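Trainee: need a 3D model of the sequence below.
(3 chains)
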Amino acid sequence: MVDVTIIGAGVSGSAVARELSRYKVSICVLEKGEDVCSGTSKANSAIAHAGFDARPGTLMAKLNVEGNRMMEPLSKELDFPFQRIGSLVVCTDPEEKEKLNDLLERGRENGVEGLRIVEREELVSMEPNISDEACAALYAPTAGIVCPFMLNIAMAENAAVNGAEFRLNTEVTGIRKIEGGYAVETNHGEIQTRYIVNAAGVHADEIHNMVSADKIHIIPRRGEYLLLDKSAGSHVHSTIFMLPGKMGKGVLVTPTVHGNLLVGPTAQNIEEKEGTNTTRGGLEEVREKSARTVKNIPYREVITSFAGLRAFEERDDFIIEEVADAPQFIDCAGIESPGLTSSPAIGVMIAGMLRDKMGLEKKDDFIAQRKGVLDPKKLSREELRDLIKKNPAYGNIICRCEMITEGEILDAIHRPLGARSLDGVKRRTRAGMGRCQAGFCSPRVMEILAREVPDLTMMDVTKCGGDSKLIVGELKDRL
Amino acid sequence: MEKRELTCIQCPMGCAITVEMENGEVVNISGYTCNRGKIYAGKEVTNPTRTVTSSVRVTGSAAEQMVSVKTKTDIPKDKVFACVKALKGVTVQAPVRIGDVVVHDVAGTGVDVVATRNA
Amino acid sequence: MAEKYDIVIIGGGPAGLAAAAAAYDAGAGKILILERDRMLGGILNQCIHNGFGLHTFNEELTGPEYADRFIRQIEERKIEYKLNTMVMNMTPERVITAMNREDGMFDVEAGAVILAMGCRERPRGALNIPGYRPAGIFTAGTAQRLVNMEGYMPGREVVILGSGDIGLIMARRMTLEGAKVKVVAELMPYSGGLKRNIVQCLDDYGIPLKLSTTVVDIEGKERVEGVTLAKVDGFGKPVPGTEEHYTCDTLLLSVGLIPENDLSRQMGVEMSPVTRGPVVNESLETNLPGVFACGNVLHVHDLVDFVSEEAGIAGRSAAEYVKAGRGAGKEAGIPVLAKDGVRYTVPSTIRPEFMNDRLVIRFRVGGVYKDCYISAYIGSERKIHRKCRIVAPGEMQQVILQKKDIEAAGSVENVTVCLERE
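Mentor: Okay, here's the model as predicted:
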């Protein structure tokens, strides 16, 4: 019997796995996708929110501020990109200026440090492209930007290195109460476990409702985004929000840690839990609303659009608790924004709950440090020369937009929980994430995957697992 | 008198050519810029032909998996699919030089399929 | 220590090869071609269809055969080249940093640089096509590589968006290899490709071309399962009620090519917002002295023969520059103005003292014009007045100016290329 089974290898599940792997406990993580970070965690604003949005006293407020504080040391420990660039909530209507003060007060109550109101003059000097209507803003110097893939993957990899077992392509189909715990039924057999952590993102209600009579309901809230080329990356220098509304924080404009410009999201409640399609109306709305806070966004530099889902739960707070009528089953549900920011704190909180309940002891051999995929761009000329001499693959550029070498792709494939698909390579190395959007490098990355991954042929390489095969046959095979 | 308006496919200029016909016989061709266009137009209305290009697998080449091929001259248009079908399953052994015959007399056209790449 | 070359050519495709051979023949000594792919020839290697070379060799060749002619010229002249080599950086002083497996990161110093990096395809993201992001969406060029170079079918039932030449060529290729190409949709009211390709790639196989039509939705979460097309109005907006659904597993995109000028921009080369390529004078020299450009990196061509011709000029100009310091780039030239339907010209300035006897000015028009005249003025004097039954943006045009006419005109303020009704 496994001690703890975590359902979902998104950012929450991976954070729990990583924190829990500090202890002497057996951990199994079930992920229905072909890779970690393949649901809600992969498509979001990539922001480490300061923490002034959530209502004081909520878990969201507490974990956001804690997660934000943890992000920087964690980024060093686990080697993922994070930059504390600050955020601005921009007010464009003098009559609404009071709302900035309300946010400021709320933020202070939540424990957010350094908040202050900046008036137009200072705002323009900070952000020359701010809208002409902007009259003041709430400045939050602690806000930051993070790479969501690399955060998620880093935590998962580190958990795996510390003994957590990840089972990918494994979908939970049912849960039965058994003596001493639960039997988790999946498409790949059954797992008996003492404890369950339900970190299933937009599907967390389905998992919860398998064991509890007290039903919860997750509403997928779709957010559509536009991503612009790096040439537009310095259009703004901090994350620019509009004043928040009922459906969330509105459309933001932000640089990303990799130097692109990200604009979005919309907020639309939908039925479909995999409804990550973009819509004409949604993308138009992004353009329109962004113009309220930032002017002259060079939309001809858009390189891609995407949509993500927020796992909104009707209680409008994170649900992190042992389910009353299902002992040893812990929900980690309703983790919508600021879930990414909060994830490190969520991991600590749930690992702490399990430690106390199970009386866990710390391991002596926990490995806290993790090195990410080696980035040759960060090396000196001499170091790079030595590296290429030792491993010529680092001299071979595969993705010419992002200048990603074969060496990095090999690293991404062969590390723990390594990449198995084009998207897996992309999220670990950025190969295919540039302005040509994988047009040039995808056949080359496919060849490398087919060569390196045992039992994988060109015909079986997928974009993102499942039926997402890129090649359907050979020439003339149907003639 | 029947008039056929054609776009010449002999070169990228794409001249608009008019062919006048009577009882299936070409009586006048106009609008072409070069002789190739005139020949094309005459053939296109009586016996249209095309050059076919494709790719076949090559074995024993370090660099290449495929060798591109073409019909050495144009073949009747209605033989195009038969020609491609005749290339199904064809594999060539490296070394291959441009112009090497890959398939003789493809699909009964009397025309050879030749390599268009070295491998 | 950086090795010194007279001329370094960035890119070993058709432009780079022709430039290298021409520079050699014009007397340049030490020439180096840097090519990022594993072979010379660039995109021609995957363009296995015929139709190349009629202007250059007076015979009809396939892409690989055309490339081979120029590769042989390089080999015969023993011009040095490095494959699998990516240029990482260039300075205005013409120090080039490149990288490959064998040499690692290295610098070369160039007396002159010829930019010949070609172009890349516009991806889906640039079009804002809504819908899912499943596997099965390829640019036409990526599909062309998979089919022609690797022998794989990227799909069985295909819809193509965009009527650029690569898309048209791939419609025929996929059809011949056993796929069903259902329709080609083009956003504009005219095709972006050559007329001959519509005839021999679409009409021959009964593939419909729908103009003023775009993709408004993509279905399928893992692999493409279908797309929805709709008519667009005069502003490119979909017209409600005109939607048509197509079941397919593949969407190919042939929606435009963008000159690959990241390196040029980085080194400070001035760009034309119209062509997205460098602004050049009659010698195809950029604003940076000793830095020349040719081929699709300069402006996207329809025809490789003209690329070769243009590259020959860049190669000879670069050789002259190295030999004599000719064309130091700073002298102001006579501006060439693109007016009345003409979107741009290459070159955009002329220095008469550096002109050859004749100068080809290439340009594209902004729309479809019937029964018009292509005119060129030197100053206010009309020197060229050529009747055209039809001109379209998909087909590059040219006018040829004579040096003697420019010299005879004395000091003129500009040269104008335009379309005229009469």
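
Trainee: A:Arg415 and A:Arg370 touch, don't they?
Mentor: No. Contact criterion C-beta atoms under 8 Å: A:Arg415 and A:Arg370 do not qualify, at 9.5 Å. In short, each C-beta sits where N, CA and C put it, glycine included.

Trainee: quick one: the strands in the stretch 51-200 of chain A?
Mentor: A:82-83, A:87-91, A:116-119, A:136-140, A:144-146, A:165-167, A:172-178, A:181-186, A:189-198 (DSSP state E, counting those that start in this stretch).

Trainee: how about the closest residue to chain C within chain A: what's its closest non-neighbour residue?
Mentor: Nearest to chain C, among the residues of chain A, is A:Thr304, at 3.2 Å (C-beta to the nearest C-beta). Closest residue to A:Thr304 apart from its sequence neighbours, by C-beta to C-beta, 6 or more residues apart in numbering or on different chains: C:Gly125 at 3.2 Å.

Trainee: and the one you found, how many neighbours does it have?
Mentor: Look at C:Gly125: counted by other C-beta atoms under 10 Å in any protein chain shown, it has 20 neighbours.

Trainee: and it, what is it in contact with?
Mentor: By C-beta atoms under 8 Å, 6 or more residues apart in numbering or on different chains, C:Gly125 lies in contact with A:Leu227, A:Val302, A:Ile303, A:Thr304, A:Ser305, A:Gln437.

Trainee: what sits against the second one?
Mentor: Yep, that's A:Val302 we're talking about. A:Leu226, A:Leu227, A:Leu228, A:Asp229, C:Gly125, C:Ala126, C:Asn128.

Trainee: could you verify my assumption that the first one touches A:Thr266?
Mentor: Just to be clear, that refers to A:Leu226. No. If you go by C-beta under 8 Å, A:Leu226 and A:Thr266 don't touch, sitting 10.5 Å apart.

Trainee: quick one: mean pLDDT for the helix or strand where C:Val159 lies?
Mentor: Following DSSP states H and E, the helix or strand that holds C:Val159 is strand C:157-161. In this model, strand C:157-161 has a mean pLDDT of 98.

Trainee: repeat that for stretch A:48-66.
Mentor: Rounded mean pLDDT across stretch A:48-66 is 97.

Trainee: tell me which stretches of chain B form strands.
Mentor: B:2-7, B:16-22, B:25-30, B:49-50, B:53-59, B:66-71, B:75-76, B:91-93, B:101-103, B:113-115 (DSSP state E).

Trainee: what residues does the fourth one touch?
Mentor: By that I understand strand B:49-50. B:Lys43, B:Asp74, B:Ile75, B:Pro76, B:Lys77, B:Val80, C:Gln200, C:Asp204.

Trainee: and the residues you listed, which are buried?
Mentor: For the contacts of strand B:49-50, a burial check counting by 16 or more other C-beta atoms under 10 Å in any protein chain shown picks out B:Asp74, B:Ile75, B:Pro76, B:Lys77, B:Val80, C:Gln200, C:Asp204.

Trainee: quick check: residues of chain A near chain B?
Mentor: Proximity of chain A to chain B is confined to A:Leu475, A:Lys476, A:Leu479 under the rule C-beta under 8 Å from any C-beta of the partner chain.

Trainee: A strand includes the last one, no?
Mentor: No. Secondary structure assignment places A:Leu479 outside any strand; it is coil (DSSP: H, G, I helix; E, B strand; the rest coil).

Trainee: how many neighbours does residue 62 have?
Mentor: No chain was given, so I picked chain A. A:Lys62: 19 neighbours (other C-beta under 10 Å).

Trainee: not quite, go with chain C.
Mentor: 24.

Trainee: likewise for A:Arg116?
Mentor: The burial count for A:Arg116: 11, using other C-beta under 10 Å.

Trainee: pretty sure it contacts A:Tyr139?
Mentor: Yes. Judged on C-beta under 8 Å, A:Arg116 makes contact with A:Tyr139 at a distance of 5.5 Å.
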